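Undergrad: please work out how this folds:
(2 chains, ligands or ions: 1)
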Amino acid sequence: MARELLTGNAAAGYALAMAGQANRKARGCCGGAYPITPQTEIIEFLRAFEFEKGQIVPVESEHSAMAVCIGASLAGARAFTASSANGLAYMTENVFAAGYFRLPIVMVAVNRTLGPPWNIWTDQGDSLALRDAPWIQLYVESHQDLVDTILVAFRLAEDPRVLLPAMVCMDGFILSHTQMVANLPEQNQVDRYLPICRVPHRLRHEHPATIGGLAWPRETEHMRHEIQEAMVRVLDVLPDTLDEFEHVFERRPKGVISPEFVEDAETVIIASGTMARTARNVIHARREHGERIGLISTKLFRPFPREAFRRLLRGRRRIAVLDRNHSPGSGGIFGQEIAASLQTFTGALIQNYIVGLGGGDVTPAVINRVIDDLASRTVAVDPIWEEVMA
Amino acid sequence: MTHMTTVTACDHILRAGNTNCAGCGMSVGLQLLEQGLGATRPTLAIPACCGIVTAGAFPTSGYAVPVAATTFASAPAVATGLSIVYELNRDPHPVVCWAGDGGTYDIGIATLSAAAERNENIIYICYDNEIYGNTGGQRSSATPEGVRTSTTPRGKAERKKDILAIMAAHRIPYAATLSVAHRDDFLRKVRTALSIRGFRFLLMLSPCPTGWKSEPEESVDLIDLAVRCGLFPLIEIFDGRRYRINVRPDGTPLDAYTSRQRRYASTEIDMDRLKASIADDWQQLDMLARVFPAK
Ligand code: SF4
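TA: Numbering: from 1, shown residues only, chains lettered A, B, ... in the order given. Take a look at the predicted model:
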């Protein structure tokens, strides 16, 4: 294992390439790649990588990048790609298709603001717009978390109890273009962690089958229900994949959600991605001043870990959910999910804050303002926008 | 466990009991494809079109070979993924796209062009019924000028797109036209395509009684007439440069073809102009075949 200073994109490219390479003893790996800022370096890395048994196809659009993954996965290979913002939006039809096909494709989504206006900075609105697609969604907060989560994503997606694609989401520029030190695994470790990729329903001439054709309403409903069941199973399978990870790499990736100081907290901040890192520093500082405040950093967004939130948040009095995204006419998307999860609670004040939209900096000052604002409230109101709060 | 239908293997690509309309050129085309491929079994990538409706509904399928039903614009890209992984695994089955004109001339053209530019190892067959048959018959960029469809009730204003020239311009190793009325030529071209590596594009004029408003039993005859009157030239283009004309027009008048389809009964159709453009196309084709002949 090597400790290296590298950008988030390089880290993502490295992890994807190692995972693909690990399937060389089986049916190899393949993916489509199309550039978009701030994801471009990932596909540059992949195109430069010399796979023993694999190929990354330089396609003409994100729509086709996912289509190549679909074809490759239907042929039994390990398939992956990366995209961002309008690229993800353009890819959407095939993103849904990949999930409904139950193909264990992994995609790195570098979170960027959906245009217009054209804005290249981070915002989770792009990947969260795909929340209703049959994809596992994981959000990371550091380069190490990114490398680890990408490997976990393959293991999770390919688990026969799951068989669903997985998206690993990282904040554009804040992670994609900054350098951090991360432990990079060796190929032989990845070989051990990722068993050969088996797509049980891959197209075979011995059993000619048509996949993706017409189905009647009842059968369609049945297939959708199977996807729901598979999604729910992710919550059981994920801890196994983390245990196995720890066994092979001798470190443990962050779990479904990571609580800190929550047991005795009155106030809890919930955040994802790099916002959670900033919030952690603020909370540590305020704890030192005796404030009973805690943090939950969320990694898993789909399936949404409702039970885990319910368990942790029982008895907490004030809860702030930070959202770097916005669903017009509703509010922050994490905020909605948390509120829906906790609907049976009485007494807790759950306040949603929209912060850092369009790549705005979520600094310690912003987190401090959120905490102070929350303390001043007696009832929850509609989502509070950072610009209004200031 | 998933949206997949497994059928018993048999010698055919198209199994008995499919739902295609009587007289559908696509059904005949699938049978000729099978004969041309011989013992070689293809994997099909089929976008949204009548060709995937042919499969019928889950849990059965009209196809006895593996089929990926792709999103409308994606067949060549899905086929790319399939074909690359087949090659990585030395899997000899050819990957064949089977697509209608909408998925080829219109929504799928960027994907098609890109796969051709990359020279992916794919046989792409467009069964061109000049209409969106699957949705009841609307104009596409393959619909000939003047022809009536449900979205061109007064006749289409624009000329048909010359997809073969567009594909040849990609300098792909092989592009050819197929006629369901010229069996030997059809089979030979499928075998030629099979013997070449890289992107191969085959264009088949596909009678569609539903959209053409023609009699089902006349379908194959109509294609014969289209070839004989010069409307649908049977040709081959190698590397986008070298031409071979397979069948020449024999003087059959154009209205022998058009008068048997009510879609041509539009006042917007200027027969003289249509004849002139056919003559023009042939002049150009003749010249190309003379100056750049296939060996
Ligand atoms: S609508 Fe036309 S192309 Fe479609 S099945 Fe019927 S005849 Fe064939």
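
Undergrad: all helices for chain A, in order.
TA: Assigned helices in chain A, in chain order: A:8-21, A:40-48, A:62-74, A:85-100, A:125-128, A:143-158, A:187-193, A:217-249, A:274-288, A:306-313, A:333-341, A:364-375, A:386-389 (criterion: DSSP state H).

Undergrad: report the backbone C-alpha coordinates of the fourth one in PDB.
TA: Right, helix A:85-100. As requested, the backbone C-alpha atoms of helix A:85-100 are provided in PDB (Å, rounded to 0.1, in the frame of the first residue of the first chain):
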ATOM      1  CA  ALA A  85     -23.700  17.900 -13.900                       C
ATOM      2  CA  ASN A  86     -25.300  18.300 -17.400                       C
ATOM      3  CA  GLY A  87     -23.500  15.200 -18.400                       C
ATOM      4  CA  LEU A  88     -25.400  13.200 -15.900                       C
ATOM      5  CA  ALA A  89     -28.600  15.000 -17.000                       C
ATOM      6  CA  TYR A  90     -27.900  14.000 -20.600                       C
ATOM      7  CA  MET A  91     -27.100  10.400 -19.500                       C
ATOM      8  CA  THR A  92     -30.300  10.100 -17.500                       C
ATOM      9  CA  GLU A  93     -32.300   7.800 -19.800                       C
ATOM     10  CA  ASN A  94     -29.500   5.200 -19.700                       C
ATOM     11  CA  VAL A  95     -28.800   5.700 -16.000                       C
ATOM     12  CA  PHE A  96     -32.400   4.500 -15.400                       C
ATOM     13  CA  ALA A  97     -32.000   1.700 -18.000                       C
ATOM     14  CA  ALA A  98     -28.800   0.400 -16.300                       C
ATOM     15  CA  GLY A  99     -30.600   0.200 -13.000                       C
ATOM     16  CA  TYR A 100     -33.700  -1.400 -14.400                       C
END
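
Undergrad: so how far is stretch A:370-380 from its chain's centroid?
TA: With Cα atoms, centre = their mean, to the nearest Å as the basis, stretch A:370-380 stands 29 Å off its chain's centre.

Undergrad: which residues does it contact?
TA: Outside of stretch A:370-380, the residues that reach it under the criterion Cβ atoms under 8 Å, 6 or more residues apart in numbering or on different chains are A:267, A:269, A:282, A:286, A:293, A:318, A:320, A:322, A:349-353, A:355, A:384, A:389. No exception for glycine: its C-beta is placed from N, CA and C like everyone else's.

Undergrad: show the buried residues in these.
TA: Burial by neighbour count, judged by 16 or more other Cβ atoms under 10 Å in any protein chain shown, picks out A:267, A:269, A:282, A:286, A:293, A:318, A:320, A:322, A:349-353, A:355, A:384 from those.

Undergrad: got phi/psi on residue B:123?
TA: Recorded main-chain torsions at residue B:123 are phi -100, psi 120, according to degrees, to the nearest 10.

Undergrad: would you quantify the distance from it to residue B:165?
TA: Separation of residue B:123 from residue B:165 (Cβ to Cβ, to the nearest Å) stands at 19 Å.

Undergrad: and those two? Which one has more around it.
TA: A side-by-side neighbour count of residue B:123 and residue B:165, using other Cβ atoms under 10 Å in any protein chain shown, places residue B:123 first with 24 against 13.

Undergrad: low-scoring stretches of the chain, by residue?
TA: In the absence of a named chain, chain A is used. By pLDDT under 70, the low-scoring segments of chain A are A:344-346, A:390.

Undergrad: actually chain B
TA: B:1-5.

Undergrad: gap between stretch A:279-297 and the chain center?
TA: On the basis of Cα atoms, centre = their mean, the separation between the geometric centre of stretch A:279-297 and that of its chain is 25 Å.

Undergrad: buried stuff in that stretch?
TA: Of the residues in stretch A:279-297, those scored as buried under the neighbour-count criterion (16+ other Cβ under 10 Å) are A:279-280, A:282-283, A:286-287, A:291, A:293-297.

Undergrad: tally of neighbours for residue 263?
TA: This is for chain A. Residue A:263 has 10 neighbouring residues, counting by other Cβ under 10 Å.

Undergrad: if you could check chain B rather than the one you did, that'd help
TA: Other residues within reach of residue B:263 by the criterion other Cβ under 10 Å amount to 24.

Undergrad: in this structure it contacts residue B:212, no?
TA: Yes - Residue B:263 is in contact with residue B:212 according to Cβ atoms under 8 Å; the separation is 5.3 Å.

Undergrad: residues from the stretch 1-150 of chain B in reach of the ligand?
TA: Within the stretch 1-150 of chain B, the positions adjacent to the ligand are B:20-21, B:24, B:26, B:50, B:129, B:133 by Cβ under 6 Å from any ligand atom.

Undergrad: which parts of the stretch 1-150 of chain B are helices?
TA: Remark: helices of the stretch 1-150 of chain B, listed N- to C-terminal, are B:25-37, B:50-53, B:75-88, B:101, B:109-117; assignment by DSSP state H, counting those that start in this stretch.

Undergrad: any chance of CSV for those helices, columns mean neighbour count?
TA: Written out in CSV, the entries for the helices of the stretch 1-150 of chain B read as follows (neighbours: other Cβ atoms under 10 Å in any protein chain shown):
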stretch, mean neighbour count
helix B:25-37, 22
helix B:50-53, 26
helix B:75-88, 30
helix B:101, 28
helix B:109-117, 22
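
Undergrad: distance check, the closest residue to residue A:142 other than its chain neighbours against residue A:19.
TA: When the adjacent residues along the chain are set aside, residue A:142 lies closest to residue A:180, with 6.3 Å between them (Cβ to Cβ, 6 or more residues apart in numbering or on different chains). Remark: distance between residue A:180 and residue A:19 (Cβ to Cβ) = 20 Å.

Undergrad: more neighbours: which of the two?
TA: More neighbours sit around residue A:19 than around the other of residue A:180 and residue A:19, counting by other Cβ under 10 Å; the figures are 25 against 15.

Undergrad: once you drop chain neighbours, what's closest to the more buried one?
TA: Once chain neighbours are set aside, the closest to residue A:19 by Cβ to Cβ, 6+ apart is residue A:154, at 4.8 Å.

Undergrad: now residue B:74
TA: residue A:67 (3.8 Å).

Undergrad: and residue B:164, what element?
TA: The secondary structure element spanning residue B:164 is helix B:163-168 (assigned by DSSP states H and E).

Undergrad: chain center to that helix: distance?
TA: 13 Å.

Undergrad: show me what that helix is packed against.
TA: Using 3 or more Cβ pairs under 8 Å, 6 or more residues apart in numbering or on different chains; DSSP states H and E, the elements in contact with helix B:163-168 are helix B:109-117, strand B:174-178, strand B:200-205, strand B:234-238.

Undergrad: and stretch A:325-344, C-alpha only, in CSV?
TA: Output for stretch A:325-344, consisting of C-alpha atoms alone and laid out as CSV, is shown next (Å, rounded to 0.1, in the frame of the first residue of the first chain):
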residue,chain,number,x,y,z
ASN,A,325,-28.9,21.2,-3.3
HIS,A,326,-32.4,22.5,-3.9
SER,A,327,-35.6,20.9,-5.2
PRO,A,328,-37.7,24.0,-6.3
GLY,A,329,-41.0,24.2,-4.7
SER,A,330,-40.0,21.9,-1.9
GLY,A,331,-36.5,22.4,-0.3
GLY,A,332,-33.3,20.6,0.4
ILE,A,333,-33.4,17.0,-0.6
PHE,A,334,-31.6,15.5,2.4
GLY,A,335,-33.8,17.7,4.6
GLN,A,336,-37.0,16.2,3.1
GLU,A,337,-35.7,12.7,3.6
ILE,A,338,-34.7,13.3,7.2
ALA,A,339,-38.0,14.9,8.0
ALA,A,340,-39.9,12.0,6.3
SER,A,341,-37.8,9.5,8.3
LEU,A,342,-38.5,11.2,11.6
GLN,A,343,-42.2,11.9,11.1
THR,A,344,-43.2,9.8,14.1
